[in-house]
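S.K.: Pasted the sequence and its predicted model underneath.
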Amino acid sequence: MRRHFTHATTRPVSGSGPNSADAAATRDWESVRASADIQFAPMPPIKPPATPAWLEWLGKALRAVFGPLAEWLIVAWPWIQRGLVVLAVLLVLFLAWRLLGPLIARWRGRASPDETWTPSREEALALLEDADRLAAQGRFGEAAHLLLLRSVGQIRARRPGTLVPASTAREIASLPQLPQGARTAFAVIAERVERCLFALRDLDAGDWQTARAAYAEFALADLRA
């Protein structure tokens, strides 16, 4: 028995295969590039606006003025840094002295309770005479203020270092160096003066007589160092 075989011839189909896909992609890309809706060319560089002449002049002037200063600061910075450290240390010491000064003064007052002094009679009478002259003119607030200032001066003269420049009248009135009677009298004077200064009204004759009597008691009281 014989068998007959039929030979089939295969022909390439148009438009198939990788070459055809590449060609289609190329045509699509060229179509996109040819479209006027999309820009592919790079944008021209934007020229920055010209600097105004006045601004250039100002820059040159600032460089002329601060340029040497900046150079000097760069050179001197190590010394400036040391100076800032010294100032910081001094500030800390000042704050410590301001905070611990009253405590040290109280300790010194308790350490030597036997040494006493009183303002001289002549000094007290001279002060009262000056204050009475102001009170006779109706200036009662100024008269009481004079008593307060002279009292502070007497304490500072007899006991240097007891008061600090920023001591308030209330702090002075609580100093342990002063006997209880002197502290009470000083507090009375300070209260009248504060009322005159902060209440913005002058004292009357009764206030002045109270402050005057308090100073007389203060001047005769023993001030313990």
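M.R.: Perfect, thanks for sending it. Just so it is clear, the model here is predicted, and its values are computed rather than measured.
S.K.: For this structure, give the helix that spans the most residues.
M.R.: Assignment by DSSP state H gives helix 53-111 as the longest helix of the chain.
S.K.: How about stretch 196-215, which residues are buried there?
M.R.: C196, L203, D207, W208, T210, A211, R212, A214, Y215 (16 or more other CB atoms under 10 Å). The way it works is simple: take the backbone N, C-alpha and C, and place the C-beta from them, glycine included.
S.K.: quick one: average confidence on it?
M.R.: Averaging pLDDT along stretch 196-215 gives 84.
S.K.: 623 is where my numbering starts, stick with that
M.R.: Got it, first residue is 623 now, which makes that one stretch 818-837.
S.K.: Off-centre distance for it?
M.R.: 36 Å (CA atoms, centre = their mean, to the nearest Å).
S.K.: Straight-line length of it, end to end?
M.R.: Length of stretch 818-837, first residue to last, CA to CA, to the nearest Å: 17 Å.
S.K.: next one: stretch 664-683
M.R.: 40 Å.
S.K.: same thing with stretch 664-673?
M.R.: The first-to-last residue distance of stretch 664-673 comes to 27 Å (CA to CA).
S.K.: Now it: average pLDDT?
M.R.: The model assigns stretch 664-673 a mean pLDDT of 80.
S.K.: cool, and stretch 682-696?
M.R.: pLDDT averaged over stretch 682-696 gives 83.
S.K.: got the residue ranges for the helices in the protein?
M.R.: Using DSSP H, helices in the chain cover 640-656, 675-733, 743-758, 762-780, 791-795, 802-820, 827-842.
S.K.: Make CSV out of those and add distance to K669.
M.R.: As requested, the helices of the chain are exported to CSV (distance: least, CB to CB, whole Å):
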stretch, distance to K669
helix 640-656, 28
helix 675-733, 17
helix 743-758, 81
helix 762-780, 75
helix 791-795, 72
helix 802-820, 69
helix 827-842, 82
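S.K.: P666: which of those is closest?
M.R.: Among those, the nearest to P666 by CB to CB is helix 640-656 (19.6 Å).
S.K.: got the contact list for the one residue sitting closest to the centre of the chain?
M.R.: Centre of the chain computed as the mean C-alpha position; nearest residue by CA atoms, centre = their mean is L713, 12.8 Å away. With contacts defined as CB atoms under 8 Å, 6 or more residues apart in numbering, L713 has no neighbours.
S.K.: I'd like to know how far T673 sits from W679.
M.R.: 10 Å (CB to CB, to the nearest Å).
S.K.: hmm, back to that, to A663, which of the helices of the chain lies closest?
M.R.: Judging these by CB to CB, what sits closest to A663 is helix 640-656, at 10.5 Å.
S.K.: mind listing what's buried in that closest one?
M.R.: Going through helix 640-656 with 16+ other CB under 10 Å, nothing comes out buried.
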